[in-house]
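> dropping a prediction and its sequence here:
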Amino acid sequence: MNHRASILRAALERRKALVVPGCHDALSAKIVESAGFEAVQISGFGLAGSLLGKPDVGLVDMNDILHITGHIARAVRIPVMADIDTGGGNAINAAAVTERLVEMGVAGVNIEDQVFPKRCGHMEGKQVIPADEMAGKVRAMVDVRRRLGDDIVINARTDSYAGHGLHEAIFRANLYLDAGADMVFIDGIRTRADIERALLDIRGLLSVNLMDAVTGVKTELIPIPELARMGVARVSIPVASIMVMHKALKEFFEALHRSPTGILAGETHWASGFQEYTGFVGLPEYRALEREYLPEHAAQELAPAGRR
């Protein structure tokens with residue numbers, strides 16, 4: 001049984017608005033973990049930006065998604081939720097991808113009912129596949145989970161709200177729950193009133209997306225304690241990591257380019273110190289392994305100056 005999946009499932013079933021920030025690579029996942037969050041999710045929006053420098057419009061290859069997902073799952077101890085967009089194709093493809101995720105020890109997975117190529121949930125022009133086709137994908141994923149004896153959490157996202165309204169989104173959410181999904185997510189839902197209606201009418205766990213926790217984009221920003229009192233199971237904040245990285249790098253390199261000396265001497269607020277960063281990514285532990293396992297002469301050659 002997947003221990004981290006069981007931890008995630010128990011946390012979601014409390015319906016206390018478990019905050020699950022997004023990450024775009026292993027380093028950002030480690031930072032989410034170090035900040036104290038109980039779980040992290042992989043952002044498809046973030047992967048498209050960090051891997052390709054492109055928008056989230058279905059350009060990232062599934063093999064790349066799975067490769068990076070594996071790195072992230074190995075980098076942290078907290079539960080990781082994968083993002084497989086539309087599942088890589090039909091129900092058979094979604095099942096095959098789920099099997100790969102189980103092998104990685106991933107705790108949960110988000111799959112959506114958009115037409116491929118998909119686009120970020122807060123972009124315009126989204127289209128959705130027939131509801132029964134998406135339900136078939138969910139059933140296939142559930143069967144893989146059952147066959148492998150795993151506990152991976154399946155979160156079924158519907159993007160039907162924007163084009164078809166709340167009633168259709170609730171209908172689809174319940175259909176996907178009936179197919180075996182553990183949690184559902186109405187992407188782009190706008191108001192507190194609509195969230196409250198969804199909580200009343202959906203027969204299972206509901207996730208709410210606050211995008212970056214700063215602007216909200218399309219969904220009304222509601223304080224987390226209020227969402228917890230309402231009974232929301234998960235609050236995703238998926239794009240903050242890539243947006244924060246974009247702003248920080250953009251401002252730093254613009255300042256560096258403007259500097260008449262070509263350097264920013266003494267302006268330490270721009271970046272982590274070398275020792276802080278290398279400590280965070282585990283260099284001291286790897287140095288200890290070198291001393292433990294390498295021949296003495298090799299370990300001495302690798303030792304920093306002054307420590308030989």
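It's in. Numbers count the residues shown, from 1 in each chain.

> strands of the stretch 101-250 of the chain, start to end?
108-112, 153-158, 183-186, 205-209, 234-237 (DSSP state E, counting those that start in this stretch).

> columns mean pLDDT, mean neighbour count and distance to Pro55 on top of those, output as JSON lines?
Yep, even glycine has a C-beta here, placed from its N, CA and C like the rest. What follows is those, written out as JSON lines (pLDDT from 0 to 100; neighbours: other C-beta atoms under 10 Å; distance: least, C-beta to C-beta, whole Å):
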{"stretch": "strand 108-112", "mean pLDDT": "97", "mean neighbour count": "26", "distance to Pro55": "16"}
{"stretch": "strand 153-158", "mean pLDDT": "98", "mean neighbour count": "27", "distance to Pro55": "18"}
{"stretch": "strand 183-186", "mean pLDDT": "97", "mean neighbour count": "27", "distance to Pro55": "21"}
{"stretch": "strand 205-209", "mean pLDDT": "97", "mean neighbour count": "23", "distance to Pro55": "18"}
{"stretch": "strand 234-237", "mean pLDDT": "96", "mean neighbour count": "23", "distance to Pro55": "19"}
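
> out of those, which comes closest to Glu99?
Of all those, it is strand 108-112 that lies closest to Glu99, at 11.2 Å by C-beta to C-beta.

> ok, residues contacting the helix or strand bottoming out on mean pLDDT in the chain?
Lowest on mean pLDDT, DSSP states H and E among the helices and strands of the chain sits helix 296-302, with a mean of 74. Here helix 296-302 makes contact (C-beta atoms under 8 Å, 6 or more residues apart in numbering) with Arg287, Glu290, Arg291, Leu294, Arg308.

> hmm, which of those are the buried ones?
Arg287 (16 or more other C-beta atoms under 10 Å).

> just the ones of the contacts of helix 296-302 in helices?
Among those, the members found in helices (DSSP state H) are Arg287, Glu290, Arg291.

> okay, the last one: pLDDT?
So the one you mean is Arg291. On pLDDT, Arg291 comes in at 91.

> what's near enough to touch Arg190?
Arg190 touches Lys218, Thr219, Glu220, counting by C-beta under 8 Å, 6+ apart.

> what are the phi and psi values at the second one?
Torsion angles at Thr219 (phi, psi; degrees, to the nearest 10) stand at phi -90, psi 130.

> distance of Lys30 relative to Phe45?
With distances taken as C-beta to C-beta, to the nearest Å, Lys30 is found 19 Å from Phe45.

> more crowded one of these two?
Phe45 (24 against 20; other C-beta atoms under 10 Å).

> can you tell me the closest non-neighbouring residue to the more buried one?
Spatial nearest neighbour of Phe45, excluding adjacent residues (C-beta to C-beta, 6 or more residues apart in numbering): Asp56 at 4.2 Å.
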